[in-house]
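*Asks:* here is a sequence together with a model predicted from it:
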Amino acid sequence: MINSEDDSSLSGWSPEHFPPQTGRLAVITGATGGLGYQIALALAQGCADVIVAGRNEARGRAAAALIRSQSPLSLVRFEKLDLANLSSVTDFADRLGAAGRPLDLLVNNAGVMALPQRRLTADGFEMQLGTNYLGHFALTALLLPLLRRSRSPRLVQMSSLAYRAGRIRFDDLQGERSYRPWAAYSQSKLAVLLFVRQLQLESDARGWGLMSTAAHPGYAQTELFANGLGPRSLLTRLSLRVGTLVSQSAAEGAEPALFAATSAAAQPGAFYGPGGPLELTGPPRPARLSGRACDQAVASRLWQVSEQLTGVEWPAD
């Protein structure tokens, strides 16, 4: 697996000129707005067929219609998916499985951030861990048969710079004893990176043929602050007023994920983010990984715990 900060392989890549995606099927979670919408739009304009996955049906159908209007050569549709409900995850995977079409790209983008009060998913998980990580863990496992039918399947998992403050608290994974909004969010985004790297190891060992990668958007202007902390919170207001000076658009924030999804130079197990100061803005390049994100013992244990919590089973071969 790659943990290099050499960006020479990224030279010449641009979101306007990535390889044609004709004939490829992509699923993007949380694609009704923000980063997910921009990723879905760019892939559709690159001639991929796109499934806009989200929990809000009205927003999802509107987003899919808007993408279709700008991407006449692509098939774009909405499918309902609530990552905070494993029954919804299973139903989504069953619908795609019944259609039987190989899945070439899965972008696990949906997420919630820094919820002020501890909330639970339909399955009793802490909401940020359940939505950002466990729901996607289960979704990836359930869609693996379709991914394996592709000639070159890829997974892109969206993380965040906040992962650096994260720690996997196996003794209080769900924040039952002590819930802190940012600690829970950082833990979920660290879990994402550990999952991506462990998934690549599992794929290599079991012959799944999957390229597992991760990306982060730097500081991109999205609705995460407002949706998590609320539109009137101090951090939300600061992000709107001061953040514009050190941030980039959602379209620019989507570029590292698009590089991971489409570039022949993207590497298995790699992590990409903006290449500017502090990785906040700029064109995509390999992102720095902390020691905690590379802890193999923690990654292996987290995989086992996640299997137990979600009840999913990964194929042995």
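*Replies:* Sure thing, it's come through. Numbers count the residues shown, from 1 in each chain.
*Asks:* now do the strands in the stretch 151-300 of the chain.
*Replies:* Applying DSSP state E, counting those that start in this stretch to the stretch 151-300 of the chain gives strands spanning 154-158, 211-215, 271-274, 284-286.
*Asks:* now mean neighbour count too, for those, in JSON lines please.
*Replies:* (C-beta placed from N, C-alpha, C; glycine too.) As requested, the strands of the stretch 151-300 of the chain are exported to JSON lines (neighbours: other CB atoms under 10 Å):
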{"stretch": "strand 154-158", "mean neighbour count": "26"}
{"stretch": "strand 211-215", "mean neighbour count": "28"}
{"stretch": "strand 271-274", "mean neighbour count": "26"}
{"stretch": "strand 284-286", "mean neighbour count": "23"}
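*Asks:* these into JSON lines, with extra columns for distance to Ala184?
*Replies:* Formatted as JSON lines, the strands of the stretch 151-300 of the chain follow (distance: least, CB to CB, whole Å):
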{"stretch": "strand 154-158", "distance to Ala184": "17"}
{"stretch": "strand 211-215", "distance to Ala184": "19"}
{"stretch": "strand 271-274", "distance to Ala184": "21"}
{"stretch": "strand 284-286", "distance to Ala184": "27"}
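*Asks:* to Ser87, which of these lies closest?
*Replies:* strand 154-158 (22.1 Å; CB to CB).
*Asks:* I'd like the strands of the stretch 151-300 of the chain written out as a markdown table, with mean pLDDT and distance to Leu173 added.
*Replies:* As requested, these are exported to a markdown table (pLDDT from 0 to 100; distance: least, CB to CB, whole Å):
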| stretch | mean pLDDT | distance to Leu173 |
| --- | --- | --- |
| strand 154-158 | 98 | 19 |
| strand 211-215 | 98 | 20 |
| strand 271-274 | 97 | 23 |
| strand 284-286 | 96 | 29 |
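*Asks:* among those, which comes closest to Phe18?
*Replies:* Nearest of the strands of the stretch 151-300 of the chain (CB to CB): strand 284-286, 10.8 Å.
*Asks:* tell me the buried residues in stretch 97-113?
*Replies:* Using 16 or more other CB atoms under 10 Å as the test for burial, stretch 97-113 gives 103-113.
*Asks:* ugh, wrong one, I meant stretch 67-80
*Replies:* Neighbour-count burial for stretch 67-80 [16+ other CB under 10 Å]: 67-68, 71, 74, 76, 78-79.
*Asks:* among these, which pair sits farthest apart?
*Replies:* Across those, the longest distance by CB to CB is 17.0 Å; it joins Ser71 and Glu79.
*Asks:* point out where the stretch 101-250 of the chain drops to low pLDDT.
*Replies:* 222-247 (pLDDT under 70).
*Asks:* quick one: the helices in it, in order.
*Replies:* Under the criterion DSSP state H, counting those that start in this stretch, the stretch 101-250 of the chain contains helices at 127-128, 135-148, 181-206, 224-229, 234-241, 250-253.
*Asks:* list the buried residues of stretch 204-211.
*Replies:* In stretch 204-211, counting by 16+ other CB under 10 Å, buried: 208, 210-211.
*Asks:* among the buried residues of stretch 67-80, which are in helices?
*Replies:* Within those, residues falling in helices by DSSP state H are 67-68.
*Asks:* using TSV, lay out the buried residues of stretch 67-80 together with pLDDT.
*Replies:* Output for the buried residues of stretch 67-80, formatted as TSV (pLDDT from 0 to 100):
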residue	pLDDT
Ile67	98
Arg68	97
Ser71	96
Ser74	97
Val76	98
Phe78	98
Glu79	98
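*Asks:* what is the nearest of the buried residues of stretch 67-80 to Val52?
*Replies:* Phe78 (4.8 Å).
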